Every structure is written in C-alpha cells, then in structure tokens.
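Visitor: fold the stuff below for me.
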Amino acid sequence: MSATVSIPAPGGDFARFLLHTGVFNFAANLAGVFFIAFMLKQGVPPVAIFLSIAAIFALRFVMRPLVIVLAKGLGLRGAMAVGTVLSCTQYYALAQLRGVDLWLVALVITISIGDVIYWTLFHVMFAAIGARSKLGRATSLRQFVFAGASITAPPIGGLLLTWFDPSIAFAIAAVLRMASVLPLLGVTDPPFPREPPAGAYRAGAFGAYIFMMDAWVICGAGTAWAMICFTGLGERFDTLGAALATASAFGAFGGFFIGKLVDLGHARRAVLINLSAGAAVLLFEATAGGRPALIVTAMIVSALVGGLAAPAVMPIVYSSVQTAPCPLRFQFSTEGGFDCGAVGASLAGAAVVWSGAPLWATILMSIPAVFMQASLLIGKYKSRAQAFAAGN
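Guide: Okay, the predicted model is just below:
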C-alpha cells in the first residue's frame, strides 16, 4: 500500500470510483441532506435531534469491529458494497418518522450500521486509488463530484418533499444509492493484511485527532446551522433545496484552488487560509439570526469554506493512510476519533439547547476546534517537510 499509485485514465478505477461517489452523493443530496430539516418538520425537537445524532455515532463506535470482520470475509470492495446497500434502509425509517417514536430508534440504528461500514472503507479505498503525489488534486476532483451532486440534487429533492409524499423522494434516493454499487464492483479490490501488523491501530492517532475536530464542527455547528437555516427560510424544503444548490455552486471553486496549493507544496498556506475562513464563517453563521437574506449569504460563504476544507485537511490524512502498516486499521482508529468528537459535540449541543440558550451558541462552541485542527495540521506538514529535507 505504500507504493505510488497513479490516477488511471478515464474508465479506470479512479473514474469508476468517482462515478460511484457521484451517484451515492446525488442520492444523499436528494433526500439525506434534508435529514435534520425533515426531523424538525416531523416534530422532533432540537434536543432530541442532538441526542439522536449522539446515539448514531456512539453506536458507530461500538459496531466498528464489524467492518474488520466483513473486510476479512469480503475484501474492502465487497464490504463497502454491503455498507452501501445497508445505508439504503435509513430512507425507509426516515419516511415513516412521525416525531419521537420507535421509527426514530430505527433511524438511529439503520444510519449507524450503514455509515460505520461505508465511511470507514470509503477513505481507505480512496487513498488506495488516488495518486499519492497528487492527493490534493484527487481530493479536489472528488469534491467537484460532491459539488455536482450538491448543486443538482437538492432542488429536485426539495420540490419532491414539498409537493409530493415524502416517501417518493426517499424511495428514489434509496434506489439511486443501491445503483451506485454497480460501478463500485468494477473497482480493483485493494489488498490489506488480514492480521494487524505492529502499531496498525496506533498509526491512526493523528488522523483520529484531526477527524475528532472535524466532527465537533460538523455535528455541533453543522447541526445547529441546519436547524437555523430551515426555520429561517420558512420551513420550506423547496426554498432550502434552492439555497443549498446555490451555495454549493460557489463552494466548488474554493476546493480546487486549495487542492492546487497543496500539490504545489503550499500545504501550510492552505491550512492557514482554511483556518481563517473557517473561523470567520462560524462567526457569520452565529450572527445570521432568522434573516433569510443573511442566512442565504452565510450558506454561500459556508459552502465556499467547505470547499476549502477537504483539500486542506484530507491529503495529509490520505498520504498517512498509504504509508500506514495497515490502511484499514488506520482508518478504523481515525473514524473512531470522528465518532468521539461527534458524540461530544452532539451532547454539548443538546445541553446548550436544553439550558435555554440559543442555537447559535452551539456554533460558537465549534470555533476552538477549528484552531486545534489547524495547529495539528501545520505541525504535521512541518514535520513532513523536515523529514523530506533530512532525507535529501
């Protein structure tokens, strides 16, 4: 896994994997992107939403050994295909949701099972297929695929949820996500050691800390911001979908710019840009209030910064995956860090809302995580540069 892998020509593994990613994320943006908004609309209070998200990631943490078992039996590609199929079940549970009921419990369980398998293996597969010397560009291309899905799908999903029975949108999303398995099955299955080499799990400590900070922002500020946007835009799915698409169109360009900086050797500069922009946008979101014009503006700025984040953060993680004793077990540890951060942020968000404080207070709590992540990344890039200089 430490050998350099070049990006195949169109029709190769990288193209197939991007096709899978595009279809999978189109489904997610058609229906899954409205996950929090739909819960609110169905009468689930904010405290229960935060607690549900905490439960999802706590279950993910507990169930993660299942990923190793499946990978040993089916290979990385086969196990990821199983995770893709299982993730479709969440849409049925979401369509049946009518407040804090047993379907909410079913939703938590189905999301946990599908996501713990899929996302643990997604990053391992991407690191194996992406070019080691061009991980910034590869990550940016992936973000463009994400952006394409997030530009085209939300308006369609918003219209379906507004004007038709919600089960239609969720059924279409489930079918599309199921179909995304087909290009995935055409990707070469990367090898991995069946038994853990020495230090296999410990190697993922850096990635675990990075993902922990990421999760704190996503599940703390991100969850609160999703609720603020939906309520501030009149609780209309079509309006929210149009706003999400507009914002994503701006976000696509930032990611490609930062990815080029990383590949040109300006990684620390990319991290500093991401740090400054990330902290600024959280402050902006916290002050947007219930004013639709400010909310849409903040959504656009947030998407632009979101486009900056992955190419600044993920290349160093993916390059660490490629040089780890076992990429799968590296990602096992890394995703465990994400789960811990998600549980912590969600419980903190629930406590903030339960105390009577406004939702924007949860957004402000995420700002320290942005600075902590940037500090870790700058230190890692600096040590990499010093090691490279010493070797030459």
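Visitor: okay, now the unreliable bits of the stretch 101-250 of the chain?
Guide: Residue ranges of the stretch 101-250 of the chain with pLDDT under 70: 130-141, 143.
Visitor: contacts for stretch 48-62 next, please.
Guide: Here stretch 48-62 makes contact (Cβ atoms under 8 Å, 6 or more residues apart in numbering) with 36, 39-40, 44, 100, 104, 107-109, 111-113, 115-116, 215, 219, 223, 227, 335-336, 338-340, 342-343, 346-347, 349-350, 353. Every residue, glycine included, has its C-beta placed from N, CA and C.
Visitor: name the element Ile36 belongs to?
Guide: Assigned by DSSP states H and E, Ile36 belongs to helix 35-41.
Visitor: let me know the average pLDDT across that helix.
Guide: Helix 35-41 shows a mean pLDDT of 95.
Visitor: since we're on the closest residue to Gly344 other than its chain neighbours, how many residues are nearby?
Guide: Closest residue to Gly344 apart from its sequence neighbours, by Cβ to Cβ, 6 or more residues apart in numbering: Trp216 at 6.6 Å. Residues near Trp216, counting by other Cβ atoms under 10 Å, number 26.
Visitor: I figured Trp216 was touching Ser346, is that so?
Guide: No. At 9.5 Å, Trp216 does not count as touching Ser346 under the criterion of Cβ atoms under 8 Å.
Visitor: Pro327 contacts Val124, correct?
Guide: Yes. Counting by Cβ under 8 Å, Pro327 sits close enough to Val124 to count as a contact (4.9 Å).
Visitor: who has more neighbours, those two?
Guide: Val124 (31 against 28).
Visitor: ok, now which ones touch that one?
Guide: 76, 190, 192, 321, 327-328, 330-331.
Visitor: check which helix or strand covers it.
Guide: In the assignment (DSSP H and E), Val124 maps to helix 102-129.
Visitor: so which bits of that helix are buried?
Guide: Using 16 or more other Cβ atoms under 10 Å as the test for burial, helix 102-129 gives 103-104, 106-129.
Visitor: doesn't Phe230 make contact with Ile36?
Guide: Yes. If you go by Cβ under 8 Å, Ile36 and Phe230 touch, sitting 7.2 Å apart.
Visitor: quick one: the strands in the stretch 51-200 of the chain, in order.
Guide: Shown for the stretch 51-200 of the chain, no strands are assigned by DSSP state E, counting those that start in this stretch.
Visitor: got phi/psi on the closest residue to Ala198 other than its chain neighbours?
Guide: Sequence neighbours aside, Pro325 is the residue nearest to Ala198 in space, at 6.8 Å (criterion: Cβ to Cβ, 6+ apart). For Pro325, the backbone dihedrals (degrees, to the nearest 10) come out as phi -60, psi -40.
Visitor: who's in contact with Pro325?
Guide: Counted by Cβ under 8 Å, 6+ apart, Pro325 has contacts 193, 196-200, 203.
Visitor: ditto for Pro155
Guide: Per Cβ under 8 Å, 6+ apart, neighbours of Pro155: 238, 241-242, 245.
Visitor: can you give the contact residues for the helix holding Ile36?
Guide: Here helix 35-41 makes contact (Cβ under 8 Å, 6+ apart) with 46, 49, 52, 94, 97, 161, 166, 223, 226-227, 229-231, 235, 237, 240.
Visitor: equivalent analysis for stretch 177-197, please.
Guide: By Cβ under 8 Å, 6+ apart, the residues outside stretch 177-197 that reach it are 1, 13, 16-17, 19-21, 23-24, 27-28, 71-72, 75-78, 80-81, 84-85, 87-88, 91, 124-125, 128-129, 200, 325-329.
Visitor: quick one: buried ones out of these?
Guide: Buried subset of those (neighbour count, 16+ other Cβ under 10 Å): 1, 13, 16-17, 19-21, 23-24, 27-28, 71, 75-78, 80-81, 84-85, 87-88, 91, 124-125, 128-129, 200, 325-329.
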